[in-house]
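Trainee: Fold the following and give me the result.
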Amino acid sequence: MKLILILALSMTALAAEWYCDNGITGDGGCEADGLKTYCCYFGDKPKDPFNTDRPVTTTSKDPFGNVNCGPPGGVVKCAPKDTQG
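Mentor: This is a model prediction of the structure:
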């Protein structure tokens with residue numbers, strides 16, 4: 001039982017997150033749901049320009065219908081708006 005608990009805790013510590021930029025222009029889908037459009041990267045640590053971990057909800061599109069954005073690995077995502085502005 002202790003081994004299972006240790007494994008579960010170590011997997012949680014290695015979990016990757018969505019890191020996003022400061023926001024991009026989207027197709028309006030995120031904003032229609034009260035969210036904001038971001039270019040995000042899924043990884044284990046932030047990298048420029050993806051510096052902020054965000055609780056993303058769904059994949060979206062830019063104004064041209066693309067789901068990929070920014071540097072390789074970037075994906076257009078919806079997330080709650082920043083509380084800072």
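Trainee: in this structure, which spans are strands?
Mentor: Secondary structure of the chain, counting by DSSP state E: strands at 17-20, 36-43, 52-53, 68-69, 74-79.
Trainee: Just checking: what are the partner strands of the second one?
Mentor: Here strand 36-43 has these sheet partners by DSSP bridges: strand 17-20 (antiparallel), strand 74-79 (antiparallel).
Trainee: and residue 64, which of the ones you listed is closest to it?
Mentor: strand 74-79 (10.5 Å; Cβ to Cβ). From N, CA and C alone the C-beta is placed, and that goes for glycine too.
Trainee: Restrict stretch 32-39 to CA atoms and write it as PDB.
Mentor: Only the C-alpha atoms of stretch 32-39 are listed here, as PDB (Å, rounded to 0.1, in the frame of the first residue of the first chain):
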ATOM      1  CA  ALA A  32     -18.300  33.900 -26.400                       C
ATOM      2  CA  ASP A  33     -17.900  31.600 -23.300                       C
ATOM      3  CA  GLY A  34     -16.600  34.400 -21.100                       C
ATOM      4  CA  LEU A  35     -13.000  33.200 -21.500                       C
ATOM      5  CA  LYS A  36      -9.900  34.600 -23.300                       C
ATOM      6  CA  THR A  37      -7.800  33.100 -26.100                       C
ATOM      7  CA  TYR A  38      -4.200  32.200 -25.400                       C
ATOM      8  CA  CYS A  39      -1.400  30.400 -27.200                       C
END
